[in-house]
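**Q** Return a 3D structure for these sequence lines:
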Amino acid sequence: MSSLRSQARGPRIADGWPRAFWLWLVNPYDYLWIIHHHSMRPLNRQLRFALAAATTMMALGSVLALLSSRGPRGTWGTAITLVILVLQAIVVVAIMRLPMPRTRRRARAYFVGLLIFGDLGVAAVMLTLPPLDGAFGCVLLALTSTICVYFVSSRWVVAHLLFAFWFIIASAWRVARTDVVDLFGVGSGTVAMLTAVCGAPIASHVAWTLLSADARQSVRDPLTGLRNRRGVEAALEVTWGRARSTQAMLAVVVVDVDDFKAVNDTHGHDEGDEVLQRLAGAMLAGMGDGAIVGRTGGEEFMAVVVGSREDLVRRVESVVPRLRVAAGPQDTTAEPRSVTVSVGAAVIVEPASPRRSADDFREAQRRADGLMYEAKRAGGDRAHIADL
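**A** Numbers count the residues shown, from 1 in each chain. Predicted structure coming up:
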C-alpha cells in the first residue's frame, strides 16, 4: 500500500527555493500526467496544437533560410535544410493526426523525441547559414525551451540547456571571427540570447513542476492513491476516445462495500483505512490496464473500463470475489473475516461523440449506481450488469 500512498502524495513540494531546486532535479517525472494535466478535461487538442505550432515555426525558419539570398551555403547545405524541412512537415502532420500516447513510456519517447528533433533540426539548419544569420537563428532554440518547460523532465531540461548554451557560444565565436560585429556587440547579443533561451526556461520549469505536483494532488484520493471523482471525470476523454477508435464498449462500474460501518465499529477507523487501501489495490489489479479507477466516496469506488462485452462482463463479475479482502487483525487464532461488495455496471454499447460523452457518462453513472443498490438489496456480494 505504500506505493498507493506515495502515488497520492506525488512529488514533494519544497518550502524554499534551494530545496525546491534540488527536488526539482531529483524527483521522478510523470510524462503521462502532462497529457492529462487539466482543470476538468484533458487538453489533448490544445497540446497537439501547441506542439504543431512550435514545429511549424521551426519549419518556417527553414523555408526563410532557403529563400534568403544569404541562405544555406553550397549544395550540401541546401540539401540538409531541405531534408530538415521535409521532416518538420512530417512531424507537424503526425502531431495533428496521430493520437497522443497513452502510456508513460510512450509519452516519454514522444516528448523527448520532439525535444531532440527540435534541437538538432535548428542546429543543423543554422550551421548551413553564414555566421551572423546562424547566430540570429539561435532564437529558434527558445521554441524547444518551451517544450522543455511543459513536457519533459528536469534532467532533459538540463541536457537541452547545456546543448543550447554551447551552441550559442559556438555561434557567437563564429560571428566574432568574421569581424562583422565587434566583441562588445557579440557579447551583448550572446547574453541576450542565453537569457532568452536558457535563463527563463529553467525558472519556469521549476515553478511549473511545483504547480503540477499540487494540481496532481487535487485529483487523487490521499488515502488510497486512486483518482477521486474529479480525477475520474478528468481522465474520461482519453478513455472515451479509445473506445470509439477501437469500436469497443465502455462500462461504468460502481462498487460499494457492504456494511462497512461494522468494520469501523468493530476494528476501528485505522483498520477501516487499511481495508480501503487493500480494496484499492484489488480494484486496480482486477480492472486491468487502461481502466480508470477511483474512490468516489467513503467506501464507494468507481471504474471506467473499455473492451468487448464478454471482456467487460468477465472483469465486472471477477471484481466481487477479488474484493473479498481481509478485515480485522490477521495475527489472531480467530477465523479471518473479509468484507464483501455490491457492484453495479452500466455498459455503453456504442459510445457517442466526445461532445456527448459527459452527458452519457452521467447517465451511465446513475444507472450503475441504481444497479449497485439493486445488488445490495438482493443481499450484497454480487454484481448486476445492464446495457444502456
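**Q** Let me see the contact set for Ser229.
**A** No, residue 229 isn't Ser; it's Arg. Gly294, Thr296, Met302 (Cβ atoms under 8 Å, 6 or more residues apart in numbering). C-beta coordinates here come from the backbone N, C-alpha and C atoms, glycine included.
**Q** Export those residues as TSV, with columns for pLDDT and distance to Ala59.
**A** Below are these laid out as TSV (pLDDT from 0 to 100; distance: Cβ to Cβ, whole Å):
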residue	pLDDT	distance to Ala59
Gly294	92	41
Thr296	91	45
Met302	95	44
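**Q** Skipping adjacent residues, who's closest to Leu161 in space?
**A** Nearest in space to Leu161, with sequence neighbours left out and distances taken as Cβ to Cβ, 6 or more residues apart in numbering, is Cys198 at 4.9 Å.
**Q** Just the ones in helices from the contacts of Arg229, please.
**A** Using DSSP state H, the subset of the contacts of Arg229 located in helices is empty.
**Q** residue ranges of the helices in the stretch 1-150 of the chain, please?
**A** 2-9, 17-26, 31-36, 44-67, 74-97, 104-127, 131-137, 141-151 (DSSP state H, counting those that start in this stretch).
**Q** what does the stretch 151-300 of the chain give?
**A** Under DSSP H, counting those that start in this stretch, the stretch 151-300 of the chain gives helices at 154-176, 183-194, 200-217, 229-234, 236-245, 260-267, 269-287.
**Q** Output the below-cut-off pLDDT ranges for this protein.
**A** Residue ranges of the chain with pLDDT under 70: 1-17, 20, 32-44, 102, 210, 212-216, 329-336, 354-355.
**Q** Could you rerun that using 80?
**A** 1-47, 99-100, 102-104, 146-150, 199-219, 234, 237-238, 289, 328-337, 352-358 (pLDDT under 80).
**Q** now the end-to-end length of stretch 340-358.
**A** This stretch, stretch 340-358, spans 30 Å end to end (Cα to Cα, to the nearest Å).
**Q** what's near enough to touch the residue nearest to Leu161?
**A** Cys198 touches Ser145, Leu161, Ala164, Phe165, Ile168, counting by Cβ under 8 Å, 6+ apart.
**Q** Among these, which one lies nearest to Arg366?
**A** Looking at the contacts of Cys198 and their distance to Arg366, the nearest is Ser145, at 46.9 Å (Cβ to Cβ).
**Q** That closest one: how many residues sit nearby?
**A** Look at Ser145: counted by other Cβ atoms under 10 Å, it has 25 neighbours.
**Q** who's in contact with the residue lying closest to Thr340 once chain neighbours are set aside?
**A** Nearest residue to Thr340 in three dimensions, chain neighbours excluded: Asp381, at 3.8 Å (Cβ to Cβ, 6+ apart). Listed by Cβ under 8 Å, 6+ apart, the contact set of Asp381 reads Asp258, Val320, Arg324, Thr340, Val341, Ser342.
**Q** From these, list just the buried residues.
**A** Among those, those classed as buried by 16 or more other Cβ atoms under 10 Å are Asp258, Val320, Thr340, Val341, Ser342.
**Q** Please identify which pair of these lies farthest apart.
**A** So, these by Cβ to Cβ: farthest apart are Asp258 and Val320, at 10.5 Å.
**Q** Overlap in contacts, the two.
**A** Common neighbours of Asp258 and Val320 (Cβ under 8 Å, 6+ apart) are Thr340, Val341, Asp381.
**Q** now the residues you listed in JSON lines, with distance to Leu82 and secondary structure?
**A** Shown next, in JSON lines, are the shared contacts of Asp258 and Val320 (distance: Cβ to Cβ, whole Å; DSSP: H, G, I helix; E, B strand; the rest coil):
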{"residue": "Thr340", "distance to Leu82": "67", "secondary structure": "coil"}
{"residue": "Val341", "distance to Leu82": "62", "secondary structure": "strand"}
{"residue": "Asp381", "distance to Leu82": "68", "secondary structure": "coil"}
